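In: What follows is a protein structure lacking sequence information:
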C-alpha cells in the first residue's frame, strides 16, 4: 500500500500551506546529512507546521516559521543522544544508516522517528517511542502510510480514536 497525499487529504481536509520552494529542505538536509523521504516532504510541504487532532505535531523546515522543524530536530537529537536517554531507543538518534531521525511529537508523550534505511534502495520506516516508558515500536511502513493509518484511527502507537471521534482535523501552528 502506498499512501498518497490525496488519501491523506480526503481524511484530513484540504491543505492550506502549499509550499513549493525547496531551499529550506536543501539547507536542512545539508545540515543533517540526509535526504528526507519524498512522502514526508510532500505531506509537510502541503500542510506546513500543524497539530493534528490536538495531538500530533508536524513541522515544516522553513526558517521564518515560529514552529520550524530544524530547531526541533536539533533539540531532539541532542536530547536523545544524552547518556541517560540512549537506552530508550532501538538504535542511536542520527542520520547514519539504521539511525533514527526525530520528526514529530505527540501531546500524549510519543516521539516519532524516521528510521534511516540501511541501503539507499531500502524504504524508510517509522519508529515511535513512548516517552512515559522505555517502549518503542517499529512500524514497517513509510511515513505516509503511518500517517494515513493514524488518521484512520488505527493504533500505530499514537492513536487518535478518542481525540477525533468524528473525523481527523488539523490546525496550523501559530
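Out: Now that the structure is in, tell me what you want to look at. Remember, it's a predicted structure, so these values are computed and weren't measured experimentally.
In: When you work out contacts or count neighbours from here on, use the C-alpha atoms and nothing else.
Out: Noted.
In: Look up how far residue 105 lies from residue 126.
Out: From residue 126 over to residue 105 the distance is 13 Å, taken as C-alpha to C-alpha, to the nearest Å.
In: Then residue 167?
Out: Distance, residue 167 to residue 105, by C-alpha to C-alpha: 20 Å.
In: Common neighbours of residue 126 and residue 105, please.
Out: residue 112 (C-alpha atoms under 8 Å, 6 or more residues apart in numbering).
In: So for these two, which residue has more residues nearby?
Out: Per other C-alpha atoms under 10 Å, whichever of residue 126 and residue 105 has more neighbours is residue 126, with 26 against 23.
In: Are we agreed that that one is in a strand?
Out: Yes: secondary structure of residue 126 (DSSP: H, G, I helix; E, B strand; the rest coil): part of a strand.
In: In contact with it, which residues?
Out: Contacts of residue 126 by C-alpha under 8 Å, 6+ apart are 112, 113, 114, 115, 138, 139, 140, 141, 142, 143, 146.
In: Three-state assignment for residue 108, please.
Out: Secondary structure, three-state DSSP: residue 108 is coil.
In: From residue 87, how far off is the closest residue to it other than its chain neighbours?
Out: Among residues not flanking residue 108 along the chain, residue 55 sits closest, at 6.7 Å (C-alpha to C-alpha, 6 or more residues apart in numbering). Using C-alpha to C-alpha, we find residue 55 at a distance of 25 Å from residue 87.
In: quick one, which of those two is more surrounded?
Out: residue 55 (20 against 13).
In: Return the set of buried residues in the longest helix seen in the chain.
Out: Ranked by number of residues, the top helix in the chain under DSSP state H is helix 69-80. For helix 69-80, the neighbour count (16 or more other C-alpha atoms under 10 Å) marks 69, 70, 72, 73, 76, 77, 80 as buried.
In: List the contacts of the third one.
Out: Neighbouring residues of residue 72 by C-alpha under 8 Å, 6+ apart: there are none.
In: Now, the contacts of residue 126 that are in strands?
Out: Among these, the ones falling in strands (DSSP state E) are 112, 113, 114, 115, 138, 139.
In: now those residues in TSV, with pLDDT and distance to residue 65?
Out: Listed next are those as TSV, based on pLDDT from 0 to 100; distance: C-alpha to C-alpha, whole Å:
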residue	pLDDT	distance to residue 65
112	98	21
113	98	21
114	98	22
115	98	26
138	97	30
139	97	30
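In: Closest to residue 23 out of those residues?
Out: Distance to residue 23, by C-alpha to C-alpha, is smallest for residue 114 among those, at 21.0 Å.
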